[in-house]
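A.B. asks: Can you look at this prediction? I've put the sequence above it.
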Amino acid sequence: MTLLPKLIVVSAFVLSPFIQAADSTALQQVLNNPVRSDASKARDIYRHPAETLSFFEVTPKSAVVEISPGSGWYTEILAPLLRAEGKYYAAHSPANSTSDYSKRSLAAFKEKLAANDVYKNVILTEFSPLPGQQVAPAGSADVVLTFRNLHNWYMQKGEQGMVDAFKSFYDALKPGGVLGVVEHRLPEGKKGDDWLKSGYFPQSLAIALAQKAGFKLEATSEINANPKDTADHPGGVWTLPPTLSQKEQDKDKYLAIGESDRMTLKFRKPAAH
């Protein structure tokens, strides 16, 4: 029988001791940066970016890789935060992807980067859940981050694809570096045959696959938990905001729930001996 790792739960609203007061102030300042749209700011009550980045030990001097940044919700925060003293790698879809969705997403992201000078130092790299992907130069990153992406990689390439992905993050990190994962959380009791279609992911499986790639689980947090989310909606996680896949049907009900319940996991690459 596989033994699950002991989890360390960290208070949702206590800033990491690794983040000094000046760094906390810098985080708050970028949250109010005019580059962020009103629609982006409206998500803060669900995504807790200042607390989340603090938990993952991101500072203005960090070298950070964001995996699969999508439309750039966190890019609007990380790019200005890291512009002066840090480094920000955005590992988006491969340029040679055959997926129309990936092509459109990458094109829109490039347009976003070109539209404002605050993004001029963003380093665009590539990621897919395949072996041998280089999301940043080996051993260069202090922190690798991914937000609400695990289910996509698992649907594409299964457990081996997930391990390959985690190995590419491991290679990019410095010894002692942090991997921060936020993902829609599937209750362990709901792992039926069709759980993957829901967009939610089992926390125990996320931990096991990261550990298989060499990471050590250091802590978990309930920063992004939502006890109102029962994770059994007719259209999966996409039933909830911001997608609201059921459109007007029970819209008020889903708006009252808010965004999904999410695991927040901090892994560390072991320091060199």
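C.D. replies: Sure, I can see it.

A.B. asks: Was I right to think P129 contacts M162?
C.D. replies: Yes: contact status for P129 versus M162: in contact at 6.6 Å, counting by CB atoms under 8 Å. Placement of C-beta: from N, CA and C, glycine included.

A.B. asks: Sheet partners, orientation included, of the lengthiest strand in the chain?
C.D. replies: In the chain, assigned by DSSP state E, the strand with the most residues is strand 173-186. Here strand 173-186 has these sheet partners by DSSP bridges: strand 141-147 (parallel), strand 201-202 (parallel), strand 262-268 (antiparallel).

A.B. asks: list residues touching both of P129 and M162?
C.D. replies: Residues touching both P129 and M162 by CB atoms under 8 Å, 6 or more residues apart in numbering: W153.

A.B. asks: Return stretch 237-253 as PDB; C-alpha atoms alone will do.
C.D. replies: C-alpha atoms of stretch 237-253 as PDB (Å, rounded to 0.1, in the frame of the first residue of the first chain):
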ATOM      1  CA  VAL A 237     -15.100  23.100 -12.800                       C
ATOM      2  CA  TRP A 238     -16.000  25.200 -15.900                       C
ATOM      3  CA  THR A 239     -19.500  25.600 -14.400                       C
ATOM      4  CA  LEU A 240     -18.100  28.000 -11.900                       C
ATOM      5  CA  PRO A 241     -16.800  31.500 -12.600                       C
ATOM      6  CA  PRO A 242     -15.100  32.900 -14.500                       C
ATOM      7  CA  THR A 243     -16.200  30.500 -17.300                       C
ATOM      8  CA  LEU A 244     -19.800  29.900 -16.200                       C
ATOM      9  CA  SER A 245     -20.300  27.200 -18.900                       C
ATOM     10  CA  GLN A 246     -24.000  26.800 -18.000                       C
ATOM     11  CA  LYS A 247     -24.500  30.500 -19.000                       C
ATOM     12  CA  GLU A 248     -27.800  31.800 -17.400                       C
ATOM     13  CA  GLN A 249     -28.800  28.400 -16.000                       C
ATOM     14  CA  ASP A 250     -28.400  28.700 -12.200                       C
ATOM     15  CA  LYS A 251     -26.000  31.500 -12.800                       C
ATOM     16  CA  ASP A 252     -26.600  33.200  -9.400                       C
ATOM     17  CA  LYS A 253     -26.000  29.900  -7.600                       C
END
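
A.B. asks: what is the mean pLDDT for it?
C.D. replies: For stretch 237-253, the mean per-residue pLDDT is 97.

A.B. asks: gap between the residue nearest to L82 when sequence neighbours are not counted and L255?
C.D. replies: Spatially, and ignoring its direct neighbours in sequence, L82 is nearest to Y88 (4.4 Å; CB to CB, 6 or more residues apart in numbering). Using CB to CB, to the nearest Å, Y88 is found at 32 Å from L255.

A.B. asks: between these two, which one's more packed in?
C.D. replies: For Y88 versus L255, neighbours defined as other CB atoms under 10 Å are more numerous around Y88 (24 against 11).

A.B. asks: Need the three-state assignment for the more buried one.
C.D. replies: Secondary structure assignment for Y88 (DSSP: H, G, I helix; E, B strand; the rest coil): strand.

A.B. asks: Distance of it relative to S71?
C.D. replies: According to CB to CB, Y88 and S71 sit 16 Å apart.

A.B. asks: How about H233?
C.D. replies: Between H233 and S71 the distance is 22 Å, computed by CB to CB.

A.B. asks: Comparing the two, which residue is more hemmed in?
C.D. replies: Neighbours around H233 and S71, counted as other CB under 10 Å, are more numerous at H233. The numbers are 21 against 12.

A.B. asks: can you pull the contacts of the more buried one?
C.D. replies: Per CB under 8 Å, 6+ apart, neighbours of H233: S198, T239, L240, Y254.

A.B. asks: Quick one: those as TSV, columns for distance to E188, secondary structure and neighbour count too.
C.D. replies: Output for those, formatted as TSV (distance: CB to CB, whole Å; DSSP: H, G, I helix; E, B strand; the rest coil; neighbours: other CB atoms under 10 Å):
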residue	distance to E188	secondary structure	neighbour count
S198	14	helix	21
T239	21	helix	21
L240	20	coil	27
Y254	23	helix	20
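
A.B. asks: Thanks a lot, see you next time.
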